[in-house]
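A.B. asks: Fold the stuff below for me.
(one chain, ligands or ions: 2)
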Amino acid sequence: MPIASARPPLIVARPKGLYCPVGDFYIDPWRPVPRAVITHAHSDHAGIGNGHYLATTAGERVLRQRLGDIPLQTLDYGEPVTHNGVTISLHPAGHVLGSAQVRIEVGGEVWVASGDYKVEPDPTCAPFEPVRCDTFITESTFGLPVYRWQPASELFAEINHWWRTNAAAGRVSVLFCYAFGKAQRILSGVDASIGPLLVHGAVEPLNAAYRDSGVMLPDTQRVADIALRGADKSAYAGALVLAPPSASGSTWMRRFGDYADAFASGWMLLRGARRRRGVERGFVMSDHADWPGLLWAIGETGAQQVYVTHGQTGVLTRWLTEHGIDAHTFRTQYGDEDEGSPVPEAAPANQQVAPRHEAGT
Ligand SMILES: [Zn+2]
Ligand SMILES: [Zn+2]
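C.D. replies: Ligands and ions are numbered 1, 2, ... in the order given. Predicted structure coming up:
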């Protein structure tokens with residue numbers, strides 16, 4: 001019998017979220033609680049109304065950009081703090097700027113809660129760092145063997161080619177992507193010499209938070225600022241426009257005249273998902289680990305016990321069990337808002353839909 005299961009669990013699933021009974025705090029709670037450790041600022045993980053927040057220094061600006069003036073204590077990556085006898089530290093998750101895995105240690109026993117993570121290099125955030133532990137809590141958003149991401153160099157070559165071809169034809173290239181994380185990763189990866197980089201009003205505040213945090217991004221202009229100058233359609237020709245998925249099919253799009261559109265998400269690996277989005281192109285791009293990435297990350301922790309949260313929990317749990325790991329599922333309310341799920345009708349009826357922060361112009 002694994003040693004971990006002989007002791008009371010350091011983290012349990014409660015109605016308000018993942019809870020550490022010894023330390024009396026929550027990790028990414030989906031209801032307000034007195035004390036919350038926040039892995040990252042996506043809205044299914046960082047809710048409003050908590051009494052106290054603990055998060056990374058690297059993610060402070062994006063977290064405040066989204067939640068405003070919160071009672072926030074920050075830690076550098078790897079810096080320990082002790083609370084109620086629990087040693088807590090935060091380690092890079094490679095998901096978005098400031099994202100962290102939460103490491104908890106009590107009496108020599110170590111649990112790590114991953115939040116969301118990816119293992120591919122991403123110039124806009126610190127790379128995923130495997131943390132040795134007895135028990136690992138992993139996400140499973142893309143926890144099926146079919147999900148395998150191509151190298152970033154290939155992905156950006158495809159996006160650049162698409163943009164360059166459209167620009168040569170005098171068309172605007174509109175790329176729908178989540179405003180926080182995905183948009184900044186695209187900006188940092190595309191060839192900015194092809195044409196102007198324009199962004200929807202939901203994207204620019206996050207760009208500003210990234211720049212203020214020291215992340216290098218190419219210059220961007222808000223589409224609304226160009227419109228204010230009274231420009232006609234020719235002002236947009238050849239541009240790459242980044243906009244949240246909610247802008248698709250809206251009147252906001254009319255200003256671009258002749259445009260090509262595309263969607264960037266891990267779900268674009270599925271042909272049906274692209275069709276439902278009604279876009280010409282799909283770029284397979286995710287800020288979550290693919291199947292090989294999940295298995296690699298789990299293996300690197302050395303954990304004998306694994307809890308699987310949001311996503312393909314059943315498949316991943318079964319795979320781990322078949323490979324000798326004591327694996328279980330935690331029911332959580334984390335979603336895949338940052339991927340723009342193409343199949344909301346497939347979600348369980350009782351699953352709460354995370355609030356979206358990408359509306360507006
Ligand atoms: Zn996330
Ligand atoms: Zn999430």
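
A.B. asks: for this protein, which spans come out with low pLDDT?
C.D. replies: 1-6, 341-361 (pLDDT under 70).

A.B. asks: Residue of the stretch 101-250 of the chain nearest ligand 2, please.
C.D. replies: residue 116 (4.3 Å; C-beta to the ion). The C-beta positions use only the backbone N, C-alpha and C, and glycine is treated the same way.

A.B. asks: In contact with that residue: list those residues for me.
C.D. replies: 39-40, 42, 45, 93, 95-96, 99, 139, 141, 287-288, 334, 338 (C-beta atoms under 8 Å, 6 or more residues apart in numbering).

A.B. asks: Count the neighbours of the residue of the stretch 251-361 of the chain found nearest ligand 1 for me.
C.D. replies: Going by C-beta to the ion, ligand 1 is nearest to residue 338 of the stretch 251-361 of the chain, at 4.6 Å. By the measure other C-beta atoms under 10 Å, the count of residues near residue 338 is 27.

A.B. asks: nearest spatial neighbour of the residue of the stretch 101-250 of the chain closest to ligand 2, skipping sequence neighbours?
C.D. replies: Excluding the flanking residues, the one nearest residue 116 by C-beta to C-beta, 6 or more residues apart in numbering is residue 95, at 4.5 Å.

A.B. asks: What distance do you get for that neighbour to residue 277?
C.D. replies: 22 Å (C-beta to C-beta, to the nearest Å).

A.B. asks: How about residue 328?
C.D. replies: Taken as C-beta to C-beta, the span from residue 328 to residue 277 is 34 Å.

A.B. asks: So which bits of this structure are right by ligand 1?
C.D. replies: Residues of the chain lying near ligand 1 by C-beta under 5 Å from the ion: 42, 116, 338.

A.B. asks: now with 6 Å?
C.D. replies: Taking C-beta under 6 Å from the ion as the contact definition, the chain meets ligand 1 at 40, 42, 45, 95, 116, 338.

A.B. asks: which one of those residues is nearest ligand 2?
C.D. replies: residue 116 (4.3 Å).

A.B. asks: Name the SS class of the closest one, please.
C.D. replies: Classification of residue 116 using DSSP: H, G, I helix; E, B strand; the rest coil returns coil.

A.B. asks: ditto for the one 5 residues further on
C.D. replies: Here residue 121 is coil, with the state taken from three-state DSSP.

A.B. asks: More neighbours: which of residue 328 and residue 277?
C.D. replies: Set residue 328 next to residue 277 and count neighbours by other C-beta under 10 Å: residue 277 wins out with 21 against 18.

A.B. asks: Determine the number of other residues adjacent to the spatially closest residue to that one that is not a sequence neighbour.
C.D. replies: The shortest distance from residue 277 to any non-neighbouring residue, by C-beta to C-beta, 6+ apart, is to residue 263 (4.9 Å). Using other C-beta under 10 Å, the number of residues around residue 263 comes to 25.

A.B. asks: ok so residue 263 is a helix residue?
C.D. replies: No - looking at residue 263 with three-state DSSP, it is strand, so not inside a helix.

A.B. asks: how about the residues of the chain near ligand 2?
C.D. replies: Applying C-beta under 6 Å from the ion, we find that the chain lies next to ligand 2 at 42, 44, 45, 116, 334.

A.B. asks: which residues are contacting the longest helix along the chain?
C.D. replies: Taking DSSP state H as the criterion, the chain has its longest helix at helix 152-168. With C-beta under 8 Å, 6+ apart as the test, helix 152-168 has contacts from 120-122, 149, 172-173, 175, 186, 189-191, 194-195, 237-240, 259-260, 262, 264, 281, 283-285.

A.B. asks: Identify each buried residue in it, please.
C.D. replies: Residues 155, 156, 158, 159, 160, 162, 163, 164, 166, 167 are the ones in helix 152-168 that count as buried (16 or more other C-beta atoms under 10 Å).

A.B. asks: Select, from the residues you listed, the two members most distant in space.
C.D. replies: By the measure C-beta to C-beta, 155 and 167 form the most distant pair in those, at 18.7 Å.

A.B. asks: which stretches of the stretch 151-300 of the chain form helices?
C.D. replies: With DSSP state H, counting those that start in this stretch, the ranges of helices along the stretch 151-300 of the chain come out as 152-168, 182-189, 204-212, 223-228, 271-277, 291-301.

A.B. asks: got the ones you listed as CSV, with distance to residue 50 columns?
C.D. replies: Listed next are the helices of the stretch 151-300 of the chain as CSV, based on distance: least, C-beta to C-beta, whole Å:
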stretch, distance to residue 50
helix 152-168, 34
helix 182-189, 25
helix 204-212, 20
helix 223-228, 33
helix 271-277, 34
helix 291-301, 27
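
A.B. asks: So for residue 19, which of those helices sits nearest?
C.D. replies: helix 291-301 (21.0 Å).

A.B. asks: C-alpha coordinates for that closest one, CSV please?
C.D. replies: Extracted C-alpha coordinates of helix 291-301, given in CSV (Å, rounded to 0.1, in the frame of the first residue of the first chain):
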residue,chain,number,x,y,z
TRP,A,291,-0.9,13.6,-24.1
PRO,A,292,2.8,12.9,-24.2
GLY,A,293,3.4,16.1,-22.2
LEU,A,294,1.0,15.0,-19.4
LEU,A,295,2.6,11.6,-19.2
TRP,A,296,6.1,13.1,-19.1
ALA,A,297,5.2,15.6,-16.5
ILE,A,298,3.5,13.0,-14.3
GLY,A,299,6.5,10.7,-14.6
GLU,A,300,9.0,13.4,-13.7
THR,A,301,7.2,14.1,-10.4
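
A.B. asks: and the next helix or strand after that helix with helix 291-301, angle?
C.D. replies: Using DSSP states H and E, the helix or strand that directly follows helix 291-301 along the chain is strand 305-311. Put simply, strand 305-311 runs at 150 degrees to helix 291-301, going by axes from the mean of the first three to the mean of the last three C-alpha atoms, to 10 degrees.
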